[in-house]
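Asker: Any chance you could fold what I've pasted below:
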Amino acid sequence: MFNESLKQLSKRLAKKEISSVELTTEFLERIKKFNPEFNAFITIDEEKTLTQAKQADQKIASGDTGPLTGIPVAQKDIFCAKGWLTTCGSKMLSNFVSPYDAGVIERFDQAGAVNMGKTNMDEFAMGSSNETSFYGPVRNPWDVAAVPGGSSGGSACAVAARMVPAATGTDTGGSIRQPAALCGISGIKPTYGTVSRYGMIAFASSLDQGGPMAKSVEDLAILLNVMTGFDQRDSTSLQREKEDYARDLEKPLSGLRIGLPKEYFAKGMSSDVEKAVEQALDQYRKLGAETVEVTLPNSPLSIPVYYVLAPAEASSNLSRFDGVRYGYRTQIYQDLGDMYRKTRAEGFGVEVKRRILIGTYVLSHGYYDAYYIKAQKLRRLIAQDFKHAFSQCDVIMGPTAPTVAFDLGEKSSDPIQMYLSDIYTSAASLAGLPGMSIPIGFGDKNRPVGLHIIGNYFAEARMLNIAHQYQMATDWHQRMPGI
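Answerer: Below you'll find the predicted structure:
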């Protein structure tokens, strides 16, 4: 059952072919078996998890069921969950047990899902390889010598290794999409503001966005239906009508216009990734789509813009923990602020310290106009490039990452090369656009390759349709590591 879809598992539970306790126990056994090698989870609490599974079985028995009732879901350890250790992958929060639930956690609880535990991540979501965690690196289940990507590497690994059917992630510059690509799973970052950031520990508040990670696009639609919605406690949450993201999954693709940015197909992409992307585009043409060349002239600047703006916001967030400004419970962030001040000197890892330094520098007197203001202006130009491109196409496609997963330690001493892992994903984040990654094959050393799909604002249902039709014609999403 560990390779079945969420819809299949939900049907089994509704027909009482299996109980949530039995299903949850099976996945807990897989976690016990594989987590010591992959290090995908920071916190597991069987008692809490099985209690939720029993409650789900009671709901099912009473006829009170939904698509996720009784389904095990892992939560990235950036979401506060009441009674659970919530560390953000940092030594600084290594003893912080959250007294309240994040908005995302509340939504999963209301849907009857079962919390399988908290997944490993780059410290404070700052990283592209999941090597900066205080709890040690996560290993890619396709090849334990490789990174899983980051910062949501623990979630990506847990889904790829079938330790859970689905997991949450967060994406600031590519932290859902890049690990999804490197681990051979599906993941989506929705339009900024559609998923509540209440109780999601901030990295860069104008960029951070939660989203789901799963084996298939159909599963993503089911998860997104639960995760999205207005939250008055989050000042960046968008108030708009609730929608069904699965509504268009079966629509044919005839007439679809796929934009191929010439900047994405220039130098930088490895030949094995390029080959897989071209084969995926050929498949789309067979499905009735046409491809058109578009241009995103400012996209090459997305990495320097991102690494001015994100560290600046991170520096501000980590030093102040401003509960009022960012819509979180003030007392909780006061507590975190106290912990920050006590452990500032020794509590952070190298990457967090590096980004705080960068952020402090660009916000300092004499450099604010030269760097921060200029980066904000370029951010606007990047968004305008996308607006122009979408006048010529329906979606934009390209590689999710320039290479397949690199080896553990390969880029640890070269932060520039590490940052370039997000070269194709950061622009959509800066523009607040939805983006997703789906598996499309394998490259060097038989490591997965992902296709990046970018849509216009609030085009998630259309993007999911486009990706689902590809998955109905291929089987890359059904493949799993030989473990």
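
Asker: so who does the residue nearest the centre of the chain touch?
Answerer: The chain has I176 as the residue nearest its centroid, 2.2 Å off, counting by C-alpha atoms, centre = their mean. Contacts for I176 (C-beta atoms under 8 Å, 6 or more residues apart in numbering) come out as S152, G169, T170, G187, I188, K189, G211, M213, S437. Bear in mind the C-beta positions are built from the backbone N, C-alpha and C, glycine included.

Asker: Check the spacing between the third one and S315 real quick.
Answerer: Distance, T170 to S315, by C-beta to C-beta, to the nearest Å: 18 Å.

Asker: thinking again about what came up before, by neighbour count, which of the contacts of I176 wins?
Answerer: S152 (37 neighbours; other C-beta atoms under 10 Å).

Asker: my read: that one touches N120, true?
Answerer: No - the pair S152 / N120 is not scored as a contact, 9.4 Å apart, by C-beta atoms under 8 Å.

Asker: Run through this structure and note the low-pLDDT ranges.
Answerer: 317-347 (pLDDT under 70).

Asker: now do 90
Answerer: Under the criterion pLDDT under 90, the flagged ranges of the chain are 1, 92, 266-268, 311-371, 412-417, 419-420, 483.

Asker: ok so, going back, state the distance from the residue nearest to the centre of the chain to L420.
Answerer: 18 Å.

Asker: Please apply the same query to D385.
Answerer: Computed as C-beta to C-beta, the D385 to L420 distance reads 19 Å.

Asker: Then K32?
Answerer: K32 sits 37 Å away from L420 when distances are taken as C-beta to C-beta.

Asker: Those two - which one has more neighbours?
Answerer: Comparing K32 with L420 by neighbour count (other C-beta under 10 Å), the higher total belongs to L420, at 18 against 12.

Asker: so what's the more buried one up against?
Answerer: Taking C-beta under 8 Å, 6+ apart, we find L420 in contact with G268, I303, P402.

Asker: same thing but at 10 Å, please
Answerer: S128, G268, I303, A401, P402, T403, K411, D414, S426 (C-beta atoms under 10 Å, 6 or more residues apart in numbering).

Asker: wait, which of those residues is closest to A370?
Answerer: For these, the residue nearest A370 by C-beta to C-beta is I303; the value is 17.9 Å.

Asker: Throw the contacts of L420 into JSON lines and include secondary structure, thanks.
Answerer: Below are the contacts of L420 laid out as JSON lines (DSSP: H, G, I helix; E, B strand; the rest coil):
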{"residue": "S128", "secondary structure": "coil"}
{"residue": "G268", "secondary structure": "coil"}
{"residue": "I303", "secondary structure": "helix"}
{"residue": "A401", "secondary structure": "coil"}
{"residue": "P402", "secondary structure": "coil"}
{"residue": "T403", "secondary structure": "coil"}
{"residue": "K411", "secondary structure": "coil"}
{"residue": "D414", "secondary structure": "coil"}
{"residue": "S426", "secondary structure": "helix"}
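
Asker: Of those, which is the nearest to D231?
Answerer: For the contacts of L420, the nearest to D231 is S426 (25.5 Å; C-beta to C-beta).

Asker: could you pull out the helices for the stretch 1-150 of the chain?
Answerer: 6-14, 20-38, 46-61, 103-110 (DSSP state H, counting those that start in this stretch).

Asker: Now compare the contacts of I176 and name the two farthest from each other.
Answerer: Maximum distance among the contacts of I176 (C-beta to C-beta): 14.5 Å, for T170 and S437.

Asker: and the one helix or strand I382 maps to, which residues are buried?
Answerer: Following DSSP states H and E, one finds I382 within helix 374-389. Residues of helix 374-389 classed as buried: A375, L378, R379, I382, A383, D385, F386, A389 (neighbour count, 16 or more other C-beta atoms under 10 Å).

Asker: ok, back up a step: which neighbours do S152 and N120 share?
Answerer: Joint contacts of S152 and N120 (C-beta under 10 Å, 6+ apart) are K76, D77, N130, V138, A158.

Asker: For those residues, give me CSV that also has distance to V21 and neighbour count.
Answerer: Listed next are the shared contacts of S152 and N120 as CSV, based on distance: C-beta to C-beta, whole Å; neighbours: other C-beta atoms under 10 Å:
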residue, distance to V21, neighbour count
K76, 24, 31
D77, 24, 30
N130, 31, 34
V138, 28, 35
A158, 20, 35
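
Asker: for V97, what are its contacts?
Answerer: T43, C80, A81, K82, G83, W84, L85, T86, T87.

Asker: Excluding sequence neighbours, find me the nearest residue to the third one.
Answerer: This points to A81. I105 (4.8 Å; C-beta to C-beta, 6 or more residues apart in numbering).

Asker: Just give me the neighbour total for that neighbour.
Answerer: By other C-beta under 10 Å, the burial measure for I105, its neighbour count, is 25.

Asker: Thought N115 was touching it, still the case?
Answerer: Yes - taking contacts as C-beta atoms under 10 Å, I105 lies within contact range of N115: 7.4 Å.

Asker: Show the residue spans covered by the strands in this structure.
Answerer: Ranges of strands in the chain, per DSSP state E, are 41-43, 72-76, 114-119, 166-171, 186-189, 209-214, 257-261, 290-294, 395-399, 435-442, 448-454.

Asker: Out of the ones you listed, which is closest to L9?
Answerer: strand 72-76 (8.8 Å).

Asker: Output that closest one as CSV, restricted to C-alpha atoms.
Answerer: C-alpha atoms of strand 72-76 as CSV (Å, rounded to 0.1, in the frame of the first residue of the first chain):
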residue,chain,number,x,y,z
PRO,A,72,-0.6,10.0,7.3
VAL,A,73,1.2,13.2,6.4
ALA,A,74,4.6,14.4,7.5
GLN,A,75,5.1,18.1,8.4
LYS,A,76,8.3,20.1,7.7
